[in-house]
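**Q** below are the sequence and a predicted model; questions follow.
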Amino acid sequence: MPELPEVETVKNELLPHVIGSSISHITLLWEGILRQPSPAEFHRHTAGQRVAGLYRRGKYLVFSLQSGDFLILHLKMSGSLIMGGDSPPPKYTRAIIRLDNGRNILFLDPRKFGTMQLVEDSVKVLDKLGPEPLESGFTAEYLVKRLGKRHAPIKAVLLDQKLIAGMGNMYADEALFLAGIHPLTPADRLSPAEVRRLYDAIRQVLKEAIAKKGASVSNYLRPGGQPGTAQTSFKVAHRGGKPCPTCGAAIERIPIRNRGSYFCPLCQPNRIPAGQIGN
DNA sequence: CTATAGACCTGACGGC
DNA sequence: TGCCGTCAGGTCTATA
């Protein structure tokens, strides 16, 4: 699942292929991928445009075009961007960004959740996101302040993109494990010391995952077609029933907000009195 | 403002 | 062999 480290890797590895080259045409094999504008407008405003910059914001990938427009992509759960040539596109290819250097960027997405949109102003799409967790706007003080106002389970709150841009299910589980915090703990019941531990854990988990080029647990592949390796060092995420690397206890999986949450019942003890569980 | 459920999608996998 | 339920889960919208 592409989260911050995966999108960061895609951006880094796509960068040398796109900067300075121009889009000759974007083929939409499944029109539903396009949010806005209409396909006709979209083609008219992307054809011939030079790519001036490529950025990541949260889990969004942003191409800034010579015209001043922004092409904004989101891979959601099953999307990946793969560099290709002229051979027939593989199954699940939903769009092809054709560049004038002969290279193609294939947008693969089996589950059709991914999106693409062209906007004049990126603010409307990106401004609702909270701070980047690896940049200076994200501080322990900020996290203490914001978590103190939220009573929902910390796991659910960590996934709120208005709080931390780019956090996703896998890395939220890993960060909570590293900080020794049970995922159901109400956010406003964490002590400042615990929030500081969580702050450090979030940044550590994301940095390590970027160094390993992201995690390939299902569909995610890097632009060159290679998998990332961050999943090999997961302690709890997607490891239900397997032994905790610290204490050996079986990793548990519980649904929180309809999302699988993996944790170690011994290393992340539940401090909620019986009867109060049941969000 | 916060919180939560449902919708959007399709494939892999396990049980019978 | 096939059928069914579960799991994967980011974000938007509606509702309280």
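**A** On my side now, so go ahead. Residues are numbered from 1 along each chain as shown, chains lettered A, B, ... in the order given.
**Q** what's downstream of the lowest-mean-pLDDT helix or strand in chain A, the next helix or strand?
**A** Lowest by mean pLDDT, DSSP states H and E among the helices and strands of chain A is helix A:123-126, with a mean of 85. Once helix A:123-126 ends, the next helix or strand along the chain (criterion: DSSP states H and E) is helix A:140-147.
**Q** and that following helix, what does it pack onto?
**A** helix A:192-211 (3 or more C-beta pairs under 8 Å, 6 or more residues apart in numbering; DSSP states H and E). Yep, even glycine has a C-beta here, placed from its N, CA and C like the rest.
**Q** so what touches the helix it packs on?
**A** A:4-6, A:8-9, A:133-134, A:138-140, A:143-144, A:147, A:154, A:158, A:164, A:166-167, A:171, A:174-176, A:178-181, A:190, A:215, A:228, A:230, A:233 (C-beta atoms under 8 Å, 6 or more residues apart in numbering).
**Q** how close does A:H45 get to A:Q117?
**A** 11 Å (C-beta to C-beta, to the nearest Å).
**Q** what's the overlap in contacts for these two?
**A** By C-beta under 8 Å, 6+ apart, A:H45 and A:Q117 have no common neighbours.
**Q** and the strands in chain A?
**A** Taking DSSP state E to define them, one finds strands in chain A at A:23-28, A:34-36, A:51-57, A:60-65, A:70-74, A:80-84, A:93-99, A:104-108, A:115-119, A:252-256, A:259-263.
**Q** could these be laid out in JSON lines, adding distance to A:T185?
**A** Conversion of the strands of chain A to JSON lines gives the following (distance: least, C-beta to C-beta, whole Å):
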{"stretch": "strand A:23-28", "distance to A:T185": "44"}
{"stretch": "strand A:34-36", "distance to A:T185": "36"}
{"stretch": "strand A:51-57", "distance to A:T185": "29"}
{"stretch": "strand A:60-65", "distance to A:T185": "29"}
{"stretch": "strand A:70-74", "distance to A:T185": "30"}
{"stretch": "strand A:80-84", "distance to A:T185": "34"}
{"stretch": "strand A:93-99", "distance to A:T185": "39"}
{"stretch": "strand A:104-108", "distance to A:T185": "37"}
{"stretch": "strand A:115-119", "distance to A:T185": "33"}
{"stretch": "strand A:252-256", "distance to A:T185": "11"}
{"stretch": "strand A:259-263", "distance to A:T185": "11"}
